[in-house]
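K.L.:
the sequence and its predicted three-dimensional model are supplied below.
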Amino acid sequence: MVDGLVIRSSSIHAAGCYTTRAIRKGKRVCEYDGPRFSKDEADERYKDRDITYLFSCGDDGTVIDGFGIAMFINHSCDPNCESENVDGRVYVVAIRNIAAGEELTYEYNLHDSDDQDQNCYCGAKKCRGTMFSEDEVKRRARKARAAAKALKR
Ligand SMILES: [Zn+2]
């Protein structure tokens, strides 16, 4: 893990996580850690809240309720980190060399099926305009087409 991570205001979204030291590609930056729940428990717990820091890990539907510095890392469509699942733990790993002072970002690849849009304003040249994963974007497009068809009838 890396020392020298700080929280500062971010141009992407409210607050972000920045490194005060250079980080080499491939280095584990921090762990996305916190209490673990099942997806159903998390939905129940957070049904009235718009903002959550839940991170699904593994295929068994466990989510991590982010606690600590990793929850401040913003999404970007042109990120410098990615999340890595290892035996039920989630690490944020540098996918390129990162200079001191840069904001850390990774792709959220959201695939939650609640119907809110998750628009992206990361400002990257190749911004996809959404924080959903590509599979989720396709799934939603299929759903929208099906809904449009149903309306025509
Ligand atoms: Zn974006």
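P.N.:
Alright, I've got the coordinates.

K.L.:
from here on, contacts and neighbour counts on C-alpha atoms
P.N.:
OK.

K.L.:
please enumerate residues in contact with the helix or strand of the chain with the lowest mean pLDDT?
P.N.:
The weakest-scoring helix or strand in the chain, judged by mean pLDDT, DSSP states H and E, is strand 54-57 (a mean of 81). Outside strand 54-57, the residues that touch it by CA atoms under 8 Å, 6 or more residues apart in numbering are Thr62, Val63, Ile64, Asp65, Gly66, Asn85, Gly88, Arg89, Val90.

K.L.:
please identify the pairing partners of it and their relative orientation?
P.N.:
strand 62-65 (antiparallel) (DSSP bridges).

K.L.:
average pLDDT for the partner strand?
P.N.:
In this model, strand 62-65 has a mean pLDDT of 88.

K.L.:
run a quick neighbour tally on the residue in the chain that the ion sits nearest to.
P.N.:
Across the chain, the shortest distance to the ion (CA to the ion) belongs to Cys127, at 3.6 Å. Residues within reach of Cys127, counting by other CA atoms under 10 Å, total 14.

K.L.:
all strands for this structure, in order.
P.N.:
5-9, 15-19, 28-32, 36-38, 54-57, 62-65, 74-75, 81-86, 89-94, 105-106 (DSSP state E).

K.L.:
so what secondary structure elements neighbour the third one?
P.N.:
With contacts defined as 3 or more CA pairs under 8 Å, 6 or more residues apart in numbering; DSSP states H and E, the packing partners of strand 28-32 are strand 89-94.

K.L.:
pull out the buried members of the contacts of strand 54-57.
P.N.:
Thr62, Val63, Ile64, Asp65, Gly66, Gly88, Val90 (16 or more other CA atoms under 10 Å).

K.L.:
what's the closest non-adjacent residue to Cys127?
P.N.:
Cys77 (5.1 Å; CA to CA, 6 or more residues apart in numbering).

K.L.:
which residues touch the one you found?
P.N.:
Applying CA under 8 Å, 6+ apart, the residues near Cys77 are Tyr106, Glu107, Cys122, Ala124, Lys126, Cys127, Arg128, Met131.

K.L.:
could you identify the longest helix within this structure?
P.N.:
Longest helix in the chain by number of residues, with DSSP state H as the criterion: helix 134-152.

K.L.:
what does this protein put close to the ion?
P.N.:
Neighbours of the ion within the chain, by CA under 5 Å from the ion: Cys77, Cys120, Cys122, Cys127.
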